[in-house]
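Trainee: Show me the folded form of this:
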Amino acid sequence: MRPSLTHSYLIALGSNTPHPLHGPPKKVLRAAIDALAPLGSVHKTSRLITSAPLGPARRQYANGAALLESEIGPVELLASLKQIERQFGIRRGGRWRARVLDLDIIMWSGGIWASSGLLIPHHLFRERDFVLGPASCIAGDWRDPLTGLKLRHLRARLNKKS
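Mentor: Sure thing, here's the model as predicted:
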């Protein structure tokens, strides 16, 4: 019998719309972290922050990050995350619009992953302090497989630019 492989995933969480059961966006994120439990073991979570809207969205976002240990592969995990998003409510509109919940795989212990519909590391995470801030607090020593830089260094560079 082969031992199962356990993968580590860095998941970004975002919300800018209240949920009728869970309440305001930060409470939505706390409930979403609980919803990750059936997928594996949530080892660490960041503090939840508030960030300015991006694109046409008008409401502030609540953002956070979680480290998930799971035997699930990247494609199956993405499908499971999208299912959790649907359980929390349908997204309104397109990209950067109001949403009850957004879950993204930012990085994983396997390095680079590329398939149709999924690219790891997430292609925009290096440009987003609302991702790098929470992520670097719980996984600051993780290295971006494309640049070789640690997350805390990527965040310092980003903040130096602004």
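Trainee: Pull out the buried positions in the worst-scoring helix or strand of the chain on mean pLDDT.
Mentor: Across the helices and strands of the chain, mean pLDDT, DSSP states H and E gives its lowest value to helix 151-161, namely a mean of 92. Residues of helix 151-161 classed as buried by neighbour count (16 or more other CB atoms under 10 Å): Leu151, Arg152, His153, Leu154, Arg155, Leu158. In this view, the C-beta of every residue, glycine as well, is placed from N, C-alpha and C.
Trainee: So which elements touch the longest helix along the chain?
Mentor: Across the chain, the helix with the greatest residue count (assigned by DSSP state H) is helix 74-88. Contact partners of helix 74-88 among helices and strands, from 3 or more CB pairs under 8 Å, 6 or more residues apart in numbering; DSSP states H and E: strand 7-15, helix 25-35, strand 102-108, strand 113-115, strand 118-120.
Trainee: pLDDT below threshold where in this structure?
Mentor: Low-confidence segments of the chain (pLDDT under 70): 1-4, 55-57, 90-97, 162.
Trainee: Could you look up the SS state of Ser136?
Mentor: Following DSSP: H, G, I helix; E, B strand; the rest coil, Ser136 is assigned to helix.
Trainee: so how far is Leu39 from it?
Mentor: 23 Å (CB to CB, to the nearest Å).
Trainee: Then Leu154?
Mentor: Relative to Leu39, Leu154 is positioned 26 Å away (CB to CB).
Trainee: buried sites along the longest helix of the chain?
Mentor: Of all the residues in helix 74-88, those buried under the rule 16+ other CB under 10 Å are Pro74, Leu77, Leu78, Ser80, Leu81, Ile84, Glu85, Phe88.
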